[in-house]
Structure formats: structure tokens, C-alpha cells
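> 3D model of this:
(2 chains)
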Protein chains: 2
Amino acid sequence: MQETPEPHEPPIYRRIADRLRTAILSGSLRDGDRLPGENALMAEYGIARATARQALAVLINEGLAVPKRGSGVYVRQFNPIRRHGSRRLARERWAQGRAIWDSDTRGRPYTVDEVRISREPAQADMTGVLGASEVWVRRRRYSVDGRPVQLAASFFPADLVEGSAITRPDTGPGGVYARLGDLGYAPATFTEEVRARMPLPDEAAMIGLPAGTPVIVIRRTAYAGGGVPVELNEMVLDSAAYVLQYDFDA
Amino acid sequence: MQETPEPHEPPIYRRIADRLRTAILSGSLRDGDRLPGENALMAEYGIARATARQALAVLINEGLAVPKRGSGVYVRQFNPIRRHGSRRLARERWAQGRAIWDSDTRGRPYTVDEVRISREPAQADMTGVLGASEVWVRRRRYSVDGRPVQLAASFFPADLVEGSAITRPDTGPGGVYARLGDLGYAPATFTEEVRARMPLPDEAAMIGLPAGTPVIVIRRTAYAGGGVPVELNEMVLDSAAYVLQYDFDA
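Numbers count the residues shown, from 1 in each chain, chains lettered A, B, ... in the order given. Take a look at the predicted model:
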């Protein structure tokens, strides 16, 4: 069947994608719902299989839908983690021995794995910020509800934290910030730089990202009193799993 | 020529992409440099054209490189705009009649076009936040150095701003926030919600996004004293053009 678009009208696969997108964004198709399959679209619109596939590919590429092998295309499950930029890092939290992640997940179960801790030469961009030639690095992966959502790598000036629990898997109550406090370098201010981009292959594999899902990259620097940088934390977040919230005054 | 990967070694196009990526991320290939072309890669690695193309496609998909029609593939120009979440919205700026965008661009020329201003029924998700059944909407597009970088749509409770310069193209010195101040509703606090996703077709066309470039979506609510919401601003940013910075205390 010949598909002749009206003048100025987008091609049929675009119009089908537009209709499905509207259904997703309006909520009439919801998290986890199955989209119409190729056969259903072919019958409904009188189009070829390749055209039906093209329509579904648009939504997959936009990150709104995700293919499951052998079972169809589904609305992307999105039960976002609300990551509250400042509140989660409030001193009273870690000073009381609470974990920062409890603030993010609000009771949803989370796990940390792929933990690797090592002392390494600082890379050029970190030497500039941390002013150290060697760093202790804590790399780990976070999962929420059993799904990997974030990779993080924290860098500390090696001489500052040598011998402390920061160099060991279990950092104790309140985590690394409480330990920096024990050392007389409690974080006083934070700067977060936020970017977004497509994942690198290693990141996509580690987080298990489906096609069409960018990552949010947060680079946070923690400063102790007097503006001394004490930690650099590079986080790579599944963008489909997160909303970042920042509150501030005019 | 047969390409037989070593056990556990990634395929050749991946290894070529890895080498080019390392060159880009380390800075030995820089903004605007041309990547080796298909012919050069074919000669250097003894591979087929399709394999060379696949290697370049990896970098394009990651947003690290961009194809220019008929002239090759180039390292993505990235001269980011540093958007300072809180400082740019400080009351002393707009109260003195300065434009928020002067803070972002620091002397780089910027333009605003595609300005559309209208009174509309509020959509369901906005009615909830702004508590208004009708809104004045200001839609516009920002370009920096001649390149579109952001779409923005600001929504105001219609009855609050009716008759003010907020409903006209030229909002006067200090812009909409100074005008809300004139009305007795100067913003006192802001909340920004940050997400990232692939662009919708309209957004990609309006911003002129190359393939493999996600957008950052910022939804900001401005609250006057007493927590009265006075503006909702939905911004769609070219992720390759922006670094968002947020500073806060522990």
C-alpha cells in the first residue's frame, strides 16, 4: 500500500509515533504497559512491518519505551528517585550517623556493589582540584529496587585520609563525611556540576542502560572550612531513574 | 579481510572507537578537529568501509563527535555555558534591572527569538502547582554565539499578571521577576527539578540538535513570600552546550 503524506504532513511512522507519545505523556499508556505490536500497527494503519518498526523505534530512541526481547515494546518504567541536592547532604544527617542514600530512596531497598577501593596517582584534572598527587578512590555501584541506577567514584587527598576508615570498605556510621569530620575536615560547602550525555560503553554495561537512555553526570566537590577541597565525587546516573531537586533563595 | 577478535577482546570497531574516544577525552583531539575519515581508518586498520563507519557511529551516538555533510566527522564543539543555579537568580541582579542571561553568557552574544506570548487554559500538571485555571505563557528560544541552546516556556497565573508587562514582548528592566516584584509578588525562593532524556522531534528541530545529543530539562518553580507559586518555567537545554552549577552548604 502506497503511503502518500499530505503536503507538510510528517511521514506516517512519525504520526504513529506522535500518537503513541501523546498516549504515554498524557498517562493513558502507563509505566510498564505494552505498546501496540508491529502486527497491530500494520493492521490498524495498513502499513508495512518496516514502517511499524520505525514508529516504535522513534519512541525507543527517545527513551520513552523499551524493547523486551521476544515480548514487545513497553512504556519505560519510571519510578524516579528524587535526589534532593542540598537536604540529603545536610550536616545534621551524617553527623548523626545516617546514610546519605536513605534520604534519596525513602525506604526503597538499595544495595551497593562493585566496590573497589585503591590508592592511585591523581589524574591531571583532579590534581588541580584536590591539590594532591595521590588519591584514595572509592568506586561503587548503587542499585534501587534491584536495578542499577548509579556509578560513583569518590576521590580523597591520599595523605589526608591515609589510615582512616575512608580507605576501608566499611566507613562506619555517617560514612565518609563523618570520618572527614573526625579528621577535622568536615565538609562545610558543596559544589555540584551537572551535565548530561550519552553513556560510554562501560557505563551502559555497568548500569544496564537500554538504548536511548542518556546519563546525568554530577561532579561534586566537598570543601571543608576555609575552602579546602576534601573530596571529589563523580557520579553517573541513569537519567530514567532520577529527578534532581535543588532549592535556593532569590 | 577477516577480522578475528581475540577471546574476550571487543570487536575491532569498538577498539577503534575506544582509541578515538581516549584521544578526545584526553584532549589530544580537540573541539572542532576532524576525526580520521573512513578511508584513513580502512587503510590504517585494514578494515571494510562498513566497519570504519561503525567505529565513527559509536562516537557520534555518544555525542562526542558530529558528522558534517560531505566533509567528515568532527570532535563536538563544546564551549559550555556555565549556568549557575542560584547566583544567576539572586534578587540583587533583577532588582537592579539586569538580565538573568547576562550571568550565564558572560559577554558572549545571545539572542532570543521564536517569542510567543499567549493566555491559555492551564494544563492539569500546572493547575496543581500554580493553582490557576488560566495562565499567561511566554515561550522563547535562546541562542548563544549564533547557536540555539535552549527552549523555555514560562507560565504565570493569568489573573495575577493580567495587564502587566509580563503579557507583552518587552518586559522592561530586570524582566519578569522585577515585574512580579512591582505587583508585590517578588520571587523569594526557587525550586529546580532537573531531568535528562532524548529530545522530542520538535525540540530537536527547534534547537538543531545533532544525533546522539540528549536534552537537560529543568522545571523551575518560583515562590513569592509565604510560599505562593508565581511562575513555572520549563526549560529544554542542549546538553552539549551546558554545565549546571549548584552551590550549597552542608
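> domain parsing of chain A, as residue ranges.
When chain A is parsed into structural domains using automatic domain parsing, the resulting residue ranges are A:12-75, A:81-245.
> including distance to chain B, mean neighbour count and mean pLDDT, could those domains go into CSV?
From N, CA and C alone the C-beta is placed, and that goes for glycine too. Formatted as CSV, the domains of chain A follow (distance: least, CB to the nearest CB, whole Å; neighbours: other CB atoms under 10 Å in any protein chain shown; pLDDT from 0 to 100):
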stretch, distance to chain B, mean neighbour count, mean pLDDT
domain A:12-75, 5, 17, 88
domain A:81-245, 3, 18, 90
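> okay if I get those as JSON lines plus distance to residue B:239?
As requested, these are exported to JSON lines (distance: least, CB to CB, whole Å):
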{"stretch": "domain A:12-75", "distance to residue B:239": "13"}
{"stretch": "domain A:81-245", "distance to residue B:239": "4"}
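> pull up the distance across stretch A:113-129, start to finish.
27 Å (CA to CA, to the nearest Å).
> no, scratch that, I was asking about stretch A:201-221
Between the opening and closing residues of stretch A:201-221 we find a distance of 26 Å, counting by CA to CA.
> direction included, what does the helix or strand hosting residue A:154 pair up with?
Assigned by DSSP states H and E, residue A:154 belongs to strand A:147-157. Sheet pairing for strand A:147-157, assigned by DSSP bridges, gives strand A:134-144 (antiparallel), strand A:228-238 (antiparallel).
> show me how far stretch A:220-239 is from its chain's centre.
Chain-centre distance of stretch A:220-239: 16 Å, with CA atoms, centre = their mean, to the nearest Å.
> do stretch A:129-148 as well
For stretch A:129-148, the separation from the chain centroid amounts to 13 Å (computed by CA atoms, centre = their mean).
> ok, stretch A:191-198 next?
Between the mean C-alpha position of stretch A:191-198 and that of its chain there is a distance of 10 Å (CA atoms, centre = their mean).
> before we move on, what about stretch A:168-181?
In this view, stretch A:168-181 has its centroid 23 Å away from the chain centroid, taken as CA atoms, centre = their mean.
> repeat for stretch A:162-173
The chain centroid and the centroid of stretch A:162-173 are separated by 25 Å under CA atoms, centre = their mean.
> try stretch A:71-89
For stretch A:71-89, the distance to the chain centre is 8 Å (CA atoms, centre = their mean).
> show me what the lengthiest helix in chain A is packed against.
Counting residues, the longest helix found in chain A (DSSP state H) is helix A:12-26. In terms of contacts (3 or more CB pairs under 8 Å, 6 or more residues apart in numbering or on different chains; DSSP states H and E), helix A:12-26 is packed against helix A:38-45, helix A:49-61, helix B:201-207.
> next structured bit after the last one?
Spelled out, it's helix B:201-207. In the C-terminal direction, the helix or strand that comes right after helix B:201-207 (DSSP H and E) is strand B:215-224.
> which residues sit against that next one?
A:194, A:196, A:250, B:129, B:177, B:180, B:184-199, B:203, B:207, B:209, B:229-239, B:242, B:244 (CB atoms under 8 Å, 6 or more residues apart in numbering or on different chains).
> which residues are contacting stretch A:162-177?
With CB under 8 Å, 6+ apart as the criterion, stretch A:162-177 contacts A:89, A:93-100, A:115, A:117, A:119, A:136, A:138, A:154, A:156, A:161, A:178-183, A:186-187, A:222, A:231, B:250.
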